[in-house]
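K.L.:
Structure for this input, please:
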Amino acid sequence: MTRRSPARRRSRRPSNRRRRKDDRLIISIVASAVTIGLVVAVVNWLLVHWWVLIVVGTLAVLAGGGWLYRLKQKARWEAAHAQSLRYGLSQLDALHHSRFEDAVRDLMRRDGCRDAVRVGGGGDLGADVKATDPYGRRWVIQCKHRRNGASGSAVGTPDLQVLNGTARQVHGADIAVIVTNGRVTAPAVAFAKQQRLHVVDRQTLGTWASGSHPLWELLRAVPPPRKPTTLS
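P.N.:
Numbers count the residues shown, from 1 in each chain. Predicted coordinates:
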């Protein structure tokens, strides 16, 4: 029995590779030819049946117009809903803590903060709601919901220390606020004044949620507007 030389054994591999390459090239050429043929056939058919383009275009315009109309109607409804948004304290007490954050966000939107967003959750670094008011000031709000309202545990200084440590340095706040439907301890109120933080306790929250005034009109010593607006 004779052995094949190493050179002859190796010579088959390039041949197989070339064959596979040629096969792929042929498949690619055939696929391209079929695609071009289909495109040409469709174009020729549309040239003969040109009215189809008119019908499709008309339907597309009608569909697009209907979509824009629904979008505008939704925007109008949301604007009207935001302007009439009101909460009673009993309603706020009954909310889950995450829905309480949603309510605070919606109240900020009602007052003209179009970019108000809820960011609360794990790793929020003390910010549950962020918003920019019509005067250009950046708000960072921490929410503390108490299921038992005024009977629940009071918000203390440690809660405000978290807000104080991140609101300006991390989130770039002009106005840092803690909002609760419960009580706030006297040391926490004193700490807030020292650190230029704002506390919205149960009484202030009730006034704000009733819709009588935007939040910045209920707080003392808020920073001046960053930019002139029609409201200033």
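K.L.:
what about the strands in the chain?
P.N.:
117-118, 129-132, 138-144, 175-180, 198-200 (DSSP state E).
K.L.:
how about those in CSV, adding mean neighbour count, distance to residue 67 and mean pLDDT?
P.N.:
All C-beta atoms are positioned from the backbone trio N, CA, C, and that covers glycine. CSV is the format used below for the strands of the chain (neighbours: other C-beta atoms under 10 Å; distance: least, C-beta to C-beta, whole Å; pLDDT from 0 to 100):
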stretch, mean neighbour count, distance to residue 67, mean pLDDT
strand 117-118, 17, 25, 96
strand 129-132, 22, 29, 96
strand 138-144, 24, 34, 96
strand 175-180, 25, 37, 97
strand 198-200, 22, 40, 97
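K.L.:
Quick one, which of these gets closest to residue 89.
P.N.:
With C-beta to C-beta as the criterion, residue 89 lies closest to strand 175-180 of these, at 11.4 Å.
K.L.:
Would you give the sheet partners of that closest one, along with the direction of each?
P.N.:
strand 138-144 (parallel), strand 198-200 (parallel) (DSSP bridges).
K.L.:
how far is that strand from where the chain is centred?
P.N.:
21 Å (C-alpha atoms, centre = their mean, to the nearest Å).
K.L.:
Only the C-alpha atoms, please, for it, written as PDB.
P.N.:
Extracted in PDB, the C-alpha atoms of strand 175-180 (Å, rounded to 0.1, in the frame of the first residue of the first chain):
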ATOM      1  CA  ILE A 175     -34.700  73.700  45.000                       C
ATOM      2  CA  ALA A 176     -34.500  70.600  47.200                       C
ATOM      3  CA  VAL A 177     -37.800  69.500  48.700                       C
ATOM      4  CA  ILE A 178     -39.100  66.700  50.900                       C
ATOM      5  CA  VAL A 179     -42.800  66.000  50.600                       C
ATOM      6  CA  THR A 180     -44.800  63.900  53.100                       C
END
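K.L.:
Apart from its chain neighbours, what residue comes closest to the one residue sitting closest to the centre of the chain?
P.N.:
Centroid-nearest residue in the chain: residue 117, 6.3 Å away (criterion: C-alpha atoms, centre = their mean). What sits nearest to residue 117 in space, not counting adjacent residues and going by C-beta to C-beta, 6 or more residues apart in numbering, is residue 130, at 5.7 Å.
K.L.:
Residue 214 too?
P.N.:
With sequence-adjacent residues excluded and distances taken as C-beta to C-beta, 6+ apart, residue 214 is closest to residue 111, at 3.8 Å.
K.L.:
neighbours around that neighbour, how many?
P.N.:
A total of 21 residues lie near residue 111 under the criterion other C-beta atoms under 10 Å.
K.L.:
show me what contacts it?
P.N.:
133, 214-216 (C-beta atoms under 8 Å, 6 or more residues apart in numbering).
K.L.:
now swap in residue 219 and tell me
P.N.:
175, 177, 198, 200, 204.
K.L.:
Done for today, thanks.
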